[in-house]
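Asks: Requesting a structural model of the entry that follows:
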Amino acid sequence: MWRRPQMMLAGGHTRLLAIVLAALVLGYVGWKISQSPNQALQFAFNGLSVGAVYALLAMGFTIVYSTVWFFDLYYGAAAALGAYGVFYLRSQEVLGGQYEVNTPFVNGVFAAVTAGVVGWVFYVTVYSRFRSRVNPVALRTAGGVLAAGVGVYTGVALTYPAHLHLILSPAVGAVVALGAWWGLRTGYRRVAGNAGQRVVSALAGVGAVVLGVYCGFLIAGAPGAKLYLSWAVSCLLAGAVGLALYRGLYVYMRQRARSPLIMLVASLGILLALTAFITIVFQSAPRPLPEPFGNAPWTIWGANIKGFNIFTVGVALAGFVGLLLLLKKTSFGRAVRAIGDDEEVSKVVGINTTVIIAAVFFIGAVFAALAGLLSGHDTAIQPRMGLLLLLKGWIASVVGGIGNLYGAIVGGFILGMLEQFGIWDLAGEWKDVISFVVLILFLSFWPLGLLPRR
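Replies: Here you go, the predicted structure:
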């Protein structure tokens, strides 16, 4: 009879202590701002830039965790792969013209992974759908040729990064053409229905091909695009590895594992193995990435900020909007949310959970790789950077609310601001300590985060 009131009283004390702590933090920040507004603005700019990276990490982490409900530690390795992929492709720009790390073994490994992923995607999307209407042998042959061709194409792009803009220009043109054709065709169907659909599809195809060829020639004539093409290649390769790990390992382990702890240990082994692989290939010394656009600082009210930092914030916001639309407005998003609520029921109603979850792992790894390379352009990269970025993404998710996409972006920016303002009177090395203090406080007083998942 007396235990419930006692528990309610303890909960009241906890909430009161949390409010007091929050008030003290806000009071301290307000006092520091009044002392030096220019320095406060500088910390705010820095916090937004770092927070954007944390937000990207938290968003990718959130979509994976809220779908399969286990911590995939490969996510940290994906962040490191994104950064080191850029260094691998552009090392001549920071190593005096020498491709010191370009090796046939690495090229062959990623070419094989890409070929395997393309072959599996062809099997689950084309072969399984058309095998009853088309000769299965012909379909399998076509799929094998396509997978092998993409694998060879990937290997060539990795082997000759000095000509990346020339090698990838056909791929860019093809992607633009397909996207334009699909967009024009879909838009017309929504406006006018199926009337004249064949004629419109043909005209849209011609226009899309012209646009794709034009974009391909633009890329081929722009050597400066090599750095930004290396961003795309690095993110896609990290995503392909994430998808391959899920389809080649996690599927079977999830079927046989009786505890999420087994999956956690397996992903930890993958993280450590890939970290060791990166150390062997690149050595343990910190490496710089080439300078991107917008690296010259601007002075605003006594504070310095780079255009690239603003771009990083824009990428985080664009990623949030894109992911939100994908999850809320598409059948894929509805399938993802259904699997997160109950995977077994999703299978019963006909959702191909293996395919959907594989796509989720791909998207999450792409977000992690993007965060890793954006972070790498601000600071030197090192093989163990993935573990720290993994932890920061998880802390940001805890702050915002694990499993909530809104909480992911809010938590990322809040963590970045807390880190920057927390080192106002301390050395920069204290940032990580502050992050873990924030984690402990939130687990103690706000375990569901600021925006709990509903």
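Asks: Enumerate every residue touching L21.
Replies: Listed by C-beta atoms under 8 Å, 6 or more residues apart in numbering, the contact partners of L21 are L441, F445. Backbone N, C-alpha and C define where each C-beta goes, glycine included.
Asks: oh, I was asking about F282
Replies: Contacts of F282 (C-beta under 8 Å, 6+ apart): Y84, F87, Y88, V101, P383.
Asks: what's the answer for A142, then?
Replies: Counting by C-beta under 8 Å, 6+ apart, A142 touches F122.
Asks: So for the helix or strand containing it, what gets flagged as buried?
Replies: Per DSSP states H and E: A142 is located in helix 136-159. Burial within helix 136-159, assessed by neighbour count using 16 or more other C-beta atoms under 10 Å, is assigned to L139, G143, L146, A147, V150, G151, Y153, T154, G155, A157, L158, T159.
Asks: re the thing from before, which of the contacts of F282 has the most neighbours?
Replies: Y84 (29 neighbours; other C-beta atoms under 10 Å).
Asks: Any figure for the gap between it and R384?
Replies: Applying C-beta to C-beta, to the nearest Å, the value for Y84 to R384 is 12 Å.
Asks: For L236, report the pLDDT, please.
Replies: At L236 the predicted local distance difference test score is 95.
Asks: quick one: contacts for it?
Replies: Going by C-beta under 8 Å, 6+ apart, the list of residues near L236 reads V366.
Asks: Buried residues in the strand or helix carrying it, which are they?
Replies: Using DSSP H and E, L236 sits within helix 226-245. Going by neighbour count (16+ other C-beta under 10 Å), the buried part of helix 226-245 is 226-227, 229-245.
Asks: What ranges in this protein fall below the confidence cut-off?
Replies: 1-15, 17-18, 94-100, 188-197, 200, 257-259, 428, 454 (pLDDT under 70).
Asks: Distance of the most centrally placed residue in it relative to F332?
Replies: Taking C-alpha atoms, centre = their mean, the centroid of the chain lies closest to F367, which sits 0.7 Å from it. Distance of F367 to F332, given as C-beta to C-beta: 16 Å.
Asks: and if you look at G205?
Replies: On the measure of C-beta to C-beta, G205 and F332 end up 25 Å apart.
Asks: Let me see the contact set for G411.
Replies: Taking C-beta under 8 Å, 6+ apart as the test, what G411 contacts is Y54, A55, A58, I395, A396, S397, V398, V399, G400, G401, G449, L450.
Asks: Adding secondary structure, distance to G216 and neighbour count as columns, could you present those in TSV?
Replies: Putting the contacts of G411 into TSV (DSSP: H, G, I helix; E, B strand; the rest coil; distance: C-beta to C-beta, whole Å; neighbours: other C-beta atoms under 10 Å) gives the following:
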residue	secondary structure	distance to G216	neighbour count
Y54	helix	36	31
A55	helix	33	32
A58	helix	36	37
I395	helix	42	25
A396	helix	38	33
S397	helix	39	27
V398	helix	44	22
V399	helix	44	28
G400	helix	41	31
G401	coil	43	25
G449	coil	45	22
L450	coil	46	16
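Asks: quick check, nearest of these to V410?
Replies: Minimum distance to V410 across the contacts of G411 is 4.7 Å, recorded for G400 (C-beta to C-beta).
Asks: Leaving out the residues flanking it, which one is nearest to the closest one?
Replies: G411 (2.5 Å; C-beta to C-beta, 6 or more residues apart in numbering).
Asks: where does the residue nearest to L146 when sequence neighbours are not counted land in three-state SS?
Replies: Nearest non-adjacent residue to L146, counting by C-beta to C-beta, 6+ apart: F122, 5.9 Å away. Three-state assignment for F122 (DSSP: H, G, I helix; E, B strand; the rest coil): helix.
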